[in-house]
Each structure stands twice: as structure tokens, then as C-alpha cells.
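Trainee: what shape does this take:
(chains A, B and C)
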Amino acid sequence: MFEAVLSAETWKKCVTAIGSLVEEVPLKITAEGIELRAMDPSHVSMIDFKMKKEVFAEYKTDKEVTIGIDIEEMSKFINRSRSDDILVLKLDEEKNKILMILKGTSTRRFGCQLIDVTEQANLKMPSLNTTSKIRMSSQAFREGLKDANIVSDHVMLRADDAFYMNAEGDTGDIEVKLEKGDPDLYEIIVSAAASSTFNLSYLSDMSKSVPGELSIEIGNDMPVKLEFEIEGATIVFILAPRVER
Amino acid sequence: MFEAVLSAETWKKCVTAIGSLVEEVPLKITAEGIELRAMDPSHVSMIDFKMKKEVFAEYKTDKEVTIGIDIEEMSKFINRSRSDDILVLKLDEEKNKILMILKGTSTRRFGCQLIDVTEQANLKMPSLNTTSKIRMSSQAFREGLKDANIVSDHVMLRADDAFYMNAEGDTGDIEVKLEKGDPDLYEIIVSAAASSTFNLSYLSDMSKSVPGELSIEIGNDMPVKLEFEIEGATIVFILAPRVER
Amino acid sequence: MFEAVLSAETWKKCVTAIGSLVEEVPLKITAEGIELRAMDPSHVSMIDFKMKKEVFAEYKTDKEVTIGIDIEEMSKFINRSRSDDILVLKLDEEKNKILMILKGTSTRRFGCQLIDVTEQANLKMPSLNTTSKIRMSSQAFREGLKDANIVSDHVMLRADDAFYMNAEGDTGDIEVKLEKGDPDLYEIIVSAAASSTFNLSYLSDMSKSVPGELSIEIGNDMPVKLEFEIEGATIVFILAPRVER
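Mentor: Residues are numbered from 1 along each chain as shown, chains lettered A, B, ... in the order given. Next up, the predicted model:
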């Protein structure tokens, strides 16, 4: 038995963020809340998602269970919710479905078929030796990625006296610089200068549904760690650096 | 001689609704007004359109005549009208054209070539033994069709204690329920429970340009009848049910 | 040494207008300002652009120099500016680049590779014997082109008692008429009736980024001259008439 109630809008934002990188995920339902950890199909990036039971309006479960979700299918339905819809999530173990019931001016029920995702269970979070941490506007980060995309398909994230996003291509080179005092840069802590290069499309996918504020941790030729909150849920994305050829 | 004046906006809405299903139609011009009846190219659905002369600002004709219109060509021009343009419709029998003159800040004249559509003349409206009638917001109907489209390419319309739209696919099943008291359901009259399944793309095309309110009549494995008004003109769409294989 | 400062928005509008027709252009930097003259790749149309140094907030140069610009590459970057960004243009002769520095909440620097465009130097403006001049809303001109495009891929521009845009195709014919007193027609001077036919896609490209007011000069089977201002810069487009086959 699992039944939980929350704002459809909150669930939509979380599903969108998760679905930006992964498609089939194991969702773990425990007495404390729900969580999932998964790698993207090419094993270059990882997502770690946690939503504590306190975020839900109601939350009831009688045992720990892990169910397989096709995020894309779930998105199709939740994307059709309206901003003030209430969402009821219910596990129907007999039919092997998770029910999503939207309550608004009409009642809409979607029985989403569960899938097999045993393979991905028990992924560990890597520990990273990052040396710089930046808190900034996620919007400004996305814009920087778009700037970089004009000349290249990868971007160097760099922290020193300021935070830099650099890209270089045949037709030109681009640098975006955010320094202390810029309204879009909330905090920059540099214990040692850091610089790593990443695939642009992964970074763009990861950051496209991030609301408000984004925390970025980088090191020298190290994976980047993006961390943010969506209305009480915490999401961490990790992306491996680009290997120079 | 035929000459008529009306709001370009009204004509645009009618042409859009008609053009959602049919392309080449016989337009009958009589002393009482204009009308057309046509089937879609695959003969699965029918449209019946009537606009009485009282709907026009001016209306003059000296004989009954049926002209062939390519709705798609007519749409291209009328879609370029602005909301406060006045439209003059004029038959130019010599040149075998219908003239559409838009009067706004400039004067724009489109001479639309008439075509041959003798084949379709004298279609009869089928009489249907529907057992349920629903009046509802056309917007809510369209949204229900979009929900159904997430899992399938057909939808079951069902009337009982409430009005239901059901769809089932490999990845899940969906139900949209509108019951008495829901603000989008204006009226539901059920003399006997009814349920029929329809092709989604036809239903979507039919309903996409319906303003405000829609009347739906259904029976058991019977055609559905959609009826609505566009600023004085009445439009009836009929769609055959999906044959189970 | 060349360094100039202006509103990013102004530069974006100019680059968009120029880029609507040509891709690789010689930009001449003189003590008086900057200018370019170029033909489109198929040599059917010509653009003449001039921006006096007074339009810039700052303008410094120590010699006359002509640099080759790939307008498309420049557009990609300047299109990503925000409305209140300040743009610094700087020539980096050593690296053979023109630097574009956007100053807003962050600092973004694009080093745009210069290219070779010696071929096009020293184009002369043709002298045209036009007999009619029309000043009108550029928006209304664009709308007329879209109307014409419904039935044809070319349009006849015609001046007489009024300004006409005519097009004819298999499915019908279209006429847009702007006469004295129409709010979109600011002035019409006809010394002799004029009529010439032009390719629609060229005319559409030319006029798509024209703000506010457009001046049009036509003759009989003569090139058309379109002239307009973008915040102090003057742009002239010339398009050869369509040759009848």
C-alpha cells in the first residue's frame, strides 16, 4: 500500500528535471519518502533525487518497495496537469501500475504501467574532490551554455578570481565571466583554481528545468556536481568531464 | 448575382471549422442563406453547415446557385484577415470566381477560383438513435481528447452516471470523468447508458475550432453527433464509430 | 586600432537587416564611421549600409581599414544580447578577429574570426530611373507580401492613383490597395505610373527586419529601391525585377 498527495505542479517539475537525463528509473518508496538514483543510458551522468514525506500533503506506505518507472510515459500525463490540480499517487500492485489521479474541475486518472529496472539498483554516489563552489542564478547558467553553444559543442567551466564559461570553435571563441558583485552570482568559494570541460548538450539537458538557484561544484578535470531544490525535493546531477582526444 | 457582407472574423471561424474535415465543398446559395453538406475524403465523417441570411450585415442574391469551393484556398486568404476587417463576398460568374474583399486600413481583394464538386450534391443526413446528450465546454472536450491521445489513437465516449472519456494503450490507461456539478459539464441527459469508440484524430480535427459550448449526442456503437454555433451559423459534425477488429 | 561602443540592440537590428540578404561582407571602417556594400550570393540584390560615427556612444580609429565579416556568425552572438546590454566592438589585428564584448549583468566576450572578402570590394550603386516613390508602414508592406504569397511566388508592385501589390496564381488572384488617406500609406508621389514584378522571397527577406517606416521607389520594369533607417544607420536595398519568361 502506497498513497501520497501533493501539488501536481511540484510533481511535474520533478519529473521534468529527472526526465531531462534518464528514462527508466527505479523509484524507491520508504517510510521516510521517495528517492531514486540512476545513470543516463550512456553512463556519463548520474542523477540523485530525494523527496521527503514532509513535502507531501499526505503520505502513507506500509512497506519499503522499489518500482520501475518509465519517466517519459509519466511525463506525458503529468505535463497535461493544470497549475492548481491536486495529484494523488497510488500504487496498484495487483495491476502492476502506479495510479496518478488529477483532481481539478474534472477527475483524470492515469494508470501507468510499471516496468522492470532491477539492473540499476544500488548505484553509489562517487565522492568528488572539487575545489570550487559557485552558487548562481540557474537562468544565467543556461544563458552561458547557450552562448558557448554558438561556437562549440563543449564548454569549459572555470573558477578563479571569477566564474568563467569558455568555448572555442573555428569561427570564434566565447567567454562569459561572472564576477563577485554580479547580481546573478550569489556566492563563489575557490580553495584552488579549477577548470574542467564538459559536453554542452548534457549540461543543457541537466540545467534546463532547474528553478531559481543552482549550486555548482568543480575541480580540475573532475566531474561537475549540480545541486538544486524543487519545492522541498533535492536533486543532484553529476556529469563526467570531457576526455581530451 | 450574389453579394453578401459580414465580419471577416465570423467567416474565418466558419471556414476554419469546415476546413478541419473537408477540402472541396458545394456551397449552396439560396434566398434564405448559405449552406453546405459534405463528407470527408474517406467518407467516415459528415459536416452540415447553415448560415441564415440574417447573420449577414447585407445579403442579396437573385437565384439559387451551388458553387464549388476549395476550402483550403479560401482559408489561406481569410486567415490573413484582421479582427475588425469587413468581408464582402461576391460571385463573379463570368470569371468563375468568388471574390472576397477585405476592407480594413487597406483594401484587399482575393478572386478565388471556383472548382467542380458536382459529385457530392444531395447528401442526406443520417438519422441517429442516440440515447445520451451532453452539453459541455468545448475546451474541456478537447483537453480530454489530448489526455486520451497519450496512450491511444482512439477514445471511448461513455455516458452513464457521468460523462467519461476512456483510452487504453500498452503503457497505461486513462479516464477523464466529468460529473454533474463540474463547471465544464453544463448538462447531461441519459435515457440509456451509451458507449462508443472513435478515432481520435477525427474527433480532434472536428472539435479544434469549436468556440464555447459543444453539444454531444452518443449511443451504443453509434455515430456521434457534435453540434455547435459560430456566431449565428450552425454546424453539425457526424462521425462513424470505430469498427472493432 | 578600432574601438567603438553602442547599444547592443541597435547593432542587433542592423546585423539582422544586413544578414537577411548577404552572408560575407566587407566592412569598411573610416574616420567618419562604418559602411558596407554587398550583393547577395546570386547577384540579384544589393545592400548599402552606412552608420556614421555620431551614432556610436564612443568611436575611435587610427586608420581606414576594410575587414571581412561573416554576418551569420556575428548574428549568432549578437542575437543573444539583452535589450539593455552595451556592446564594445574592438579590432584585434594580431589575432585577426573582431571582438564583441557585451556588458550587462555578466561580461560576455566573442572573438569573431575575420574572413577574406576582397572580391566584393568597390561595388558601385546603380543609378535608377524610378518614377514613383511611396512612404509607408513597413508592417503593412510585409503583410501585403504575405497576402501575395498565398497565390504566387512573385508580386507586382504598382503605383498609379494608389499603391498596389498584385499577385496571380492558378487558384486565384490577389490585390492589395493602399490609397491616399489609408493610415498605413504616409506619402505617394507618382510622376509616371510604374509597375514592376519581383521575386517574393527576396522582397520578404529584405523587408522582414525593417522597423517603422519604409521608402519604396519603383519604375517600369526597373529595380526597386527600399530605403529605411535603423536608429541613425541608413540601409538601402536594391532588387532587380523579375525577368518574364
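Trainee: which bits of chain A sit near chain C?
Mentor: Residues of chain A lying near chain C by C-beta under 8 Å from any C-beta of the partner chain: A:140, A:143-144, A:146-147, A:150-151, A:170-179, A:182-185. Using the backbone N, CA and C atoms, a C-beta is placed for each residue, glycine as well.
Trainee: taking those residues one by one, which sit in strands?
Mentor: Assigned to strands by DSSP state E, the following of the residues of chain A next to chain C qualify: A:172-178, A:185.
Trainee: only whichever of the residues of chain A next to chain C are buried, select them in ChimeraX.
Mentor: The ChimeraX selection below is limited to those of the residues of chain A next to chain C classed as buried (16 or more other C-beta atoms under 10 Å in any protein chain shown):
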select /A:140,143,144,147,150,151,171,172,173,174,175,176,177,178,182,184,185
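Trainee: including pLDDT and distance to chain B, could the ones in strands among the residues of chain A next to chain C go into a markdown table?
Mentor: Below are those laid out as a markdown table (pLDDT from 0 to 100; distance: C-beta to the nearest C-beta, whole Å):
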| residue | pLDDT | distance to chain B |
| --- | --- | --- |
| A:G172 | 95 | 40 |
| A:D173 | 97 | 44 |
| A:I174 | 98 | 40 |
| A:E175 | 98 | 44 |
| A:V176 | 98 | 39 |
| A:K177 | 97 | 44 |
| A:L178 | 97 | 41 |
| A:L185 | 97 | 41 |
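Trainee: kindly reformat those as JSON lines containing distance to A:G68.
Mentor: Formatted as JSON lines, those follow (distance: C-beta to C-beta, whole Å):
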{"residue": "A:G172", "distance to A:G68": "46"}
{"residue": "A:D173", "distance to A:G68": "45"}
{"residue": "A:I174", "distance to A:G68": "42"}
{"residue": "A:E175", "distance to A:G68": "44"}
{"residue": "A:V176", "distance to A:G68": "40"}
{"residue": "A:K177", "distance to A:G68": "44"}
{"residue": "A:L178", "distance to A:G68": "40"}
{"residue": "A:L185", "distance to A:G68": "40"}
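Trainee: farthest-separated two in the residues you listed?
Mentor: The span of those, defined through C-beta to C-beta, is set by A:G172 and A:L185 at 24.6 Å.
Trainee: shouldn't A:E35 be within a helix?
Mentor: No: counting by DSSP: H, G, I helix; E, B strand; the rest coil, A:E35 is not part of a helix but strand.
Trainee: what strand or helix carries the closest residue to it other than its chain neighbours?
Mentor: Using C-beta to C-beta, 6 or more residues apart in numbering or on different chains and skipping the chain neighbours, the partner closest in space to A:E35 is A:K50 (4.5 Å). Mapping A:K50 onto the secondary structure by DSSP states H and E places it in strand A:45-52.
Trainee: just checking: what are the partner strands of that strand?
Mentor: strand A:33-39 (antiparallel), strand A:233-239 (antiparallel) (DSSP bridges).
Trainee: from the chain's centroid, how far away is that strand?
Mentor: Relative to its chain's centre, strand A:45-52 lies at 7 Å (C-alpha atoms, centre = their mean, to the nearest Å).
Trainee: could you identify the helix or strand that succeeds that strand?
Mentor: strand A:58-61.
Trainee: tell me which residues of the helix or strand just after that following strand come out buried.
Mentor: Counting by DSSP H and E, the next helix or strand C-terminal to strand A:58-61 is strand A:65-70. For strand A:65-70, burial by neighbour count (16+ other C-beta under 10 Å) applies to A:66-70.
Trainee: relative to the whole chain's centre, how far out is strand A:65-70?
Mentor: On C-alpha atoms, centre = their mean, the centre of strand A:65-70 falls 18 Å from that of its chain.
Trainee: how about stretch A:74-93?
Mentor: That offset, for stretch A:74-93, works out to 19 Å (C-alpha atoms, centre = their mean).
Trainee: please verify my assumption that A:M74 contacts A:M100.
Mentor: Yes: the criterion here is C-beta atoms under 8 Å, and A:M74 meets it with A:M100 at 7.3 Å.
Trainee: now for the two: what residues contact both?
Mentor: Common neighbours of A:M74 and A:M100 (criterion: C-beta atoms under 8 Å, 6 or more residues apart in numbering or on different chains): A:C112.
Trainee: for stretch A:166-181, measure first residue to last.
Mentor: Taking C-alpha to C-alpha, to the nearest Å, stretch A:166-181 runs 20 Å from one end to the other.
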